[in-house]
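J.: what follows is a predicted protein model with its sequence.
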Amino acid sequence: MENELLIYNTLHRRKERFVPLHAPHVGMYVCGPTVYGDAHLGHARPAITFDILFRYLTHLGYKVRYVRNITDVGHLENDADEGEDKVAKKARLEQLEPMEVVQYYLNRYHKAMEALNVLSPSIEPHASGHIIEQIEFVQKILDAGYAYESEGSVYFDVEKYSKDHHYGVLSGRNIDDMLENTRELDGQSEKRRGADFALWKKAAPEHIMRWNSPWSVGFPGWHLECSAMGTKYLGEEFDIHGGGMDLIFPHHEAEIAQSCAGLGHDSVKYWMHNNMITINGQKMGKSLGNFITLDEFFTGNHKLLAQAYSPMTIRFFILQAHYRSTVDFSNEALQASEKGLERLLEGYARLQKLHAGKQSTVETAGLREKCEEAMCDDLNTPVVISHLFEALKAINLVHDGKETISQADLDELQSVFRLFVEEVLGLQTGESSASGLEAYKKAVDLLLNIRMDAKRNKDWATSDKIRNELTALGFDIKDTKDGFEWKL
Ligand code: ZN
């Protein structure tokens, strides 16, 4: 490997050479969804960003353990310490068990991720399945003296912690400002300071998700699950922790504080964050009416959408921007992506069918190196895409008979396209996508139904022609009592 992989470490605010703690193994943790509603664009971007990282690290030869958690307890409304649990609220409104809500939306999330060709993580742990680990983690922080118990709840003591450690190291927030702005807690609250956050909450009588603990019957604070599950599956120190930029504060800042307090050191070597998505220049939000779920994009069923957009169009659109840039969704931009993707995939299909000549009159050398270089520069997918588009020009000239390409150059070009289009960027061509597969099955059924009609009409010439030609293509066709069966 000539290039070194550089990734931007949010913790140090600079690009750094990626050196795993235990090569060839890489531990990677990404904050997954809180499952109480349908997945939207805000879920698609981190999923696709870290899918690209997962794919590329694997391509580089690393053995990646990719943990993406499912938050199903402890995430309260407005990301606050008080109020209703997001999952429990949905359960109350729908008159369901909280775990029914979780299962329902998790199934739908998986379906959407599969449509976007996001690979499954290695482990997908649930917060509710790791209550014991979370209680143990709270105990460690209490034992270290960085937390206090109050009315059956346990809070992280930000002021105490900041005397020994740097609270704000990730977000760049100033601890004195934070403490100053949150000084006004006059016994109204269980917390000593507004900046303190919950590690364990005593459950109010109406709170249905509750577990026994040394302090009360209650539930864990939202930030705790990631410290507990990251440590459990990746160890006290691991390579990469990712998520959306909106999680930097308080979620990831709190995670660092919990780990430093409980373990004596931060767990994470590289913190990575994807930028946010806006819709027509506006922040996405339920109250703004511009909250579009992935399903709505795939069906076009939303008043802001001029048409349906395929999952691959959404994926391509996200990859056309660098993951640390903002992305603004608009119909115009999506339609441009749709066209671009079509052009790229058409060129790729054309490339498979090109015939080699004696020698190359087009310049295609160096494409692999240029794409690798772009990926190694902090996963610069837009530059990879532009290199592929550049190569399309040569493909089209050869296709039109204006230029020629040698067998060796053709083999290399096909291999580079397969690698970057399919494996690294994860763009599915029509034939390999679910809808393409469906269409192909229907087309074969259609031909065999025409053959049945022909047989009924004693049109043996047509019937034999269809059977013989499909057989020649490798289809195994069996006539049955009620019709036919086939397989390839
Ligand atoms: Zn998290």
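T.: Received the coordinates, thanks.

J.: every contact and neighbour count from this point should use C-alpha atoms.
T.: OK.

J.: quick one, what contacts I123?
T.: Contact analysis of I123 by Cα atoms under 8 Å, 6 or more residues apart in numbering lists R65, Y66, V67, R68, N69.

J.: ok, of those residues, which one's closest to L425?
T.: Within the contacts of I123, the smallest distance to L425 is 17.6 Å, found for Y66 (Cα to Cα).

J.: so that closest one lies in a strand, does it not?
T.: Yes. Y66 forms part of a strand when assessed by DSSP: H, G, I helix; E, B strand; the rest coil.

J.: that one and C31 touch, don't they?
T.: No. Y66 is not in contact with C31 according to Cα atoms under 8 Å; the separation is 10.9 Å.

J.: interface residues of the chain facing the ion?
T.: Neighbours of the ion within the chain, by Cα under 5 Å from the ion: C31, C226.

J.: for the ion, give me its nearest residue in the chain.
T.: Ranked by Cα to the ion, the top residue of the chain for proximity to the ion is C31, at 4.1 Å.

J.: residue contacts, that residue?
T.: Applying Cα under 8 Å, 6+ apart, the residues near C31 are R68, N69, I70, C226, G242, G243.

J.: reformat those residues as JSON lines; add neighbour count.
T.: Output for the contacts of C31, formatted as JSON lines (neighbours: other Cα atoms under 10 Å):
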{"residue": "R68", "neighbour count": "27"}
{"residue": "N69", "neighbour count": "22"}
{"residue": "I70", "neighbour count": "22"}
{"residue": "C226", "neighbour count": "29"}
{"residue": "G242", "neighbour count": "25"}
{"residue": "G243", "neighbour count": "24"}
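
J.: how many neighbours does the closest residue to A112 other than its chain neighbours have?
T.: Once flanking residues are discounted, A112 sits nearest to L294: 6.9 Å by Cα to Cα, 6 or more residues apart in numbering. The tally of other residues near L294 (other Cα atoms under 10 Å) stands at 25.

J.: before we move on, what about R418?
T.: 17.

J.: how about R17?
T.: 15.

J.: how about it, what does it touch?
T.: E4, L5, L6, I7.

J.: out of the residues you listed, which are inside strands?
T.: Within those, residues falling in strands by DSSP state E are L6, I7.

J.: which of the contacts of R17 are buried?
T.: L5, L6, I7 (16 or more other Cα atoms under 10 Å).

J.: now pLDDT too, for those residues, in a markdown table please.
T.: Output for the buried ones among the contacts of R17, formatted as a markdown table (pLDDT from 0 to 100):
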| residue | pLDDT |
| --- | --- |
| L5 | 98 |
| L6 | 98 |
| I7 | 98 |
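
J.: what is the nearest of the residues you listed to L96?
T.: Nearest to L96 among the buried ones among the contacts of R17, with distances taken as Cα to Cα, is I7, at 43.2 Å.

J.: hmm, E16 and that closest one touching each other?
T.: Yes. Assessed by Cα under 8 Å, I7 is found in contact with E16 at 5.4 Å.
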